[in-house]
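K.L.:
Using only what follows, build the 3D model:
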Amino acid sequence: MNLTLADIFAAQNTIAGIAADTPLVPSPFMSAQCGQEFLLKLEIAQPIGAFKLRGAVNAIANLAEEVAGVTCCSTGNHGRGVAFAAAQRGMRAVVCMSSMVPKAKVDGIRALGAEVHIAGTSQDDAQSESLRLCETDGLAEISPFDDPFVIAGQGTIGLELLAARPDLEAILVPLSGGGLAGGIALAAKTIRPDIRVIGISMDRGAAMHESIRAGHPVEVTEVESLADSLGGGIGMDNRLSFSLCRDYLDETVLVSEEEIYSAMQTLYYEDRIVAEGGSVVGLAAMLAGKLPSFSGPVATVVTGRNLDMSVFTRIVNGEDVTLGDTVVRGKPYGA
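P.N.:
Below you'll find the model as predicted:
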């Protein structure tokens with residue numbers, strides 16, 4: 001399926017009244033760092049606390065009436081979106097997750113009424129379990145990023161950004177499987193070909209970044225990260241999101257765990273916002289000086305707030321955080 005701007009406008013109509021048209025607010029502190037107006041698209045204001053609701057609602061709304069239930073693999077927020085959207089239609093939902101996913105995200109999905117299957121230690125393992133359920137239980141799979149209706153749903157963020165601020169010079173988008181980045185870039189660049197769209201990920205296990213560099217989907221080793229929502233592969237048989245990101249993103253940028261840690265502190269202390277590590281990579285790249293200079297307004301998508309609050313508390317208090325065999329050394333904000 002070739003996605004077009006018309007598909008994204010159709011998704012906007014489909015998700016209206018369920019997924020929110022979220023606030024776009026200025027960050028005075030980040031504006032001073034950027035040298036231009038810096039805006040935050042607050043997807044944390046969605047009913048499930050993350051942007052993933054958009055794609056999940058659109059995908060499930062487009063399923064045939066006879067479909068009895070849905071399944072997906074998820075690092076957390078896609079599962080919440082699928083659980084919420086399935087509950088709206090009275091459908092069974094089974095979310096498959098690896099043991100790498102934080103317990104807080106697993107518990108949040110169960111609280112929305114979905115079943116959770118823990119399978120293996122990677123997104124690939126969770127994906128295999130989801131495919132198995134399609135065969136054994138007759139469920140329809142909702143891909144977290146490589147589904148046309150999911151991508152169109154996420155792309156509605158691009159429509160909202162340009163409707164609110166048609167003068168944007170650049171959009172900074174967290175980059176994982178590419179559904180969000182690909183959808184936003186397709187929408188924004190079709191409307192405004194001169195706008196810059198930059199995908200940003202963590203520097204360990206950045207599957208889409210490495211795939212674009214290689215010219216084809218590649219496998220990466222999945223490791224624990226403060227940006228856990230950006231983990232996982234893009235699928236070796238990727239149909240849509242890889243080509244969208246390859247063709248529409250102007251560049252991709254990587255940030256370290258220490259830079260993500262610092263950005264989480266910054267967003268909390270300067271803007272009083274609680275957000276996941278994967279949500280702050282745009283701020284992290286800006287604060288670390290990894291982005292080009294801009295001559296006009298810049299927006300970044302703050303994608304979700306469904307994080308382990310005990311870890312977040314350690315971060316805002318400047319304490320060390322252990323991620324598997326890696327320790328992110330903490331320091332008090334401003335020190």
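K.L.:
Skipping adjacent residues, who's closest to R165 in space?
P.N.:
Closest residue in space to R165, ignoring its immediate chain neighbours: P297 at 6.0 Å, by CB to CB, 6 or more residues apart in numbering. (Glycine included, C-beta is placed from N, CA and C.)
K.L.:
you'd agree the one you found is up against P166?
P.N.:
No - the criterion here is CB atoms under 8 Å, and P297 misses it with P166 at 10.0 Å.
K.L.:
Those two: who's more crowded?
P.N.:
P297 (17 against 10; other CB atoms under 10 Å).
K.L.:
Distance check, the more buried one against A45.
P.N.:
20 Å (CB to CB, to the nearest Å).
K.L.:
Next: I315.
P.N.:
With the distance defined as CB to CB, I315 ends up 22 Å from A45.
K.L.:
So which of the two has more stuff around it?
P.N.:
Neighbours per residue (other CB under 10 Å) separate I315 from A45, with I315 holding more: 22 against 15.
K.L.:
Which strands or helices does the host helix or strand of the more buried one pack on?
P.N.:
Following DSSP states H and E, one finds I315 within helix 309-316. Here helix 309-316 touches helix 257-271, strand 321-323, going by 3 or more CB pairs under 8 Å, 6 or more residues apart in numbering; DSSP states H and E.
K.L.:
so which of the ones you listed comes closest to C96?
P.N.:
With CB to CB as the criterion, C96 lies closest to strand 321-323 of the helices and strands packed on helix 309-316, at 22.6 Å.
K.L.:
List the contacts of the closest one.
P.N.:
V223, E224, S225, L226, E257, Y261, V311, R314, I315, V327, V328, G330 (CB atoms under 8 Å, 6 or more residues apart in numbering).
K.L.:
give me the number of residues near the second one?
P.N.:
The number of residues packed around E224, counting by other CB under 10 Å, is 17.
K.L.:
Could you say which helix or strand holds it?
P.N.:
For E224, there is no enclosing helix or strand under DSSP H and E.
K.L.:
you'd agree it is up against T326?
P.N.:
Yes - counting by CB under 8 Å, E224 touches T326, with 7.3 Å between them.
K.L.:
domains for the chain, by residue range?
P.N.:
5-50+147-324, 52-141 (automatic domain parsing).
K.L.:
least reliable of the ones you listed going by mean pLDDT?
P.N.:
Ranked by mean pLDDT, those bottom out at domain 52-141, with a mean of 92.
K.L.:
Need the distance between the two termini of that domain.
P.N.:
15 Å (CA to CA, to the nearest Å).
K.L.:
show me what contacts G277?
P.N.:
G277 neighbours (CB under 8 Å, 6+ apart): M202, S225, L226, A227, D228, S229, I260, Y261, M264, L307.
K.L.:
my bad, Q123
P.N.:
Q123 touches C73, T75, S98, E222, G231, G232, G233, counting by CB under 8 Å, 6+ apart.
K.L.:
Spell out, range by range, the helices that occur in the stretch 201-335 of the chain.
P.N.:
207-214, 241-248, 257-271, 281-287, 309-316 (DSSP state H, counting those that start in this stretch).
K.L.:
For A111, find the nearest of the ones you listed.
P.N.:
With CB to CB, the closest approach to A111 among the helices of the stretch 201-335 of the chain belongs to helix 309-316: 14.9 Å.
K.L.:
Can you name the residues in contact with the closest one?
P.N.:
Residues outside helix 309-316 that contact it (CB under 8 Å, 6+ apart): 102, 104, 226, 261, 264-265, 268-269, 274, 320-321, 330, 333.
K.L.:
circling back to that earlier point, which residues sit in contact with the residue nearest to R165?
P.N.:
Counted by CB under 8 Å, 6+ apart, P297 has contacts Q36, E37, F38, L39, R165, D167, L168, E169.
K.L.:
Can you show me the CA trace of the helix or strand that contains V95 as CSV?
P.N.:
Remark: V95 resides in strand 92-97, with elements defined by DSSP H and E. The C-alpha coordinates for strand 92-97 follow below in CSV (Å, rounded to 0.1, in the frame of the first residue of the first chain):
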residue,chain,number,x,y,z
ARG,A,92,-10.3,-9.1,22.9
ALA,A,93,-6.7,-7.7,22.9
VAL,A,94,-3.5,-9.6,23.6
VAL,A,95,-0.3,-7.6,23.9
CYS,A,96,3.0,-9.5,23.5
MET,A,97,6.0,-8.0,25.3
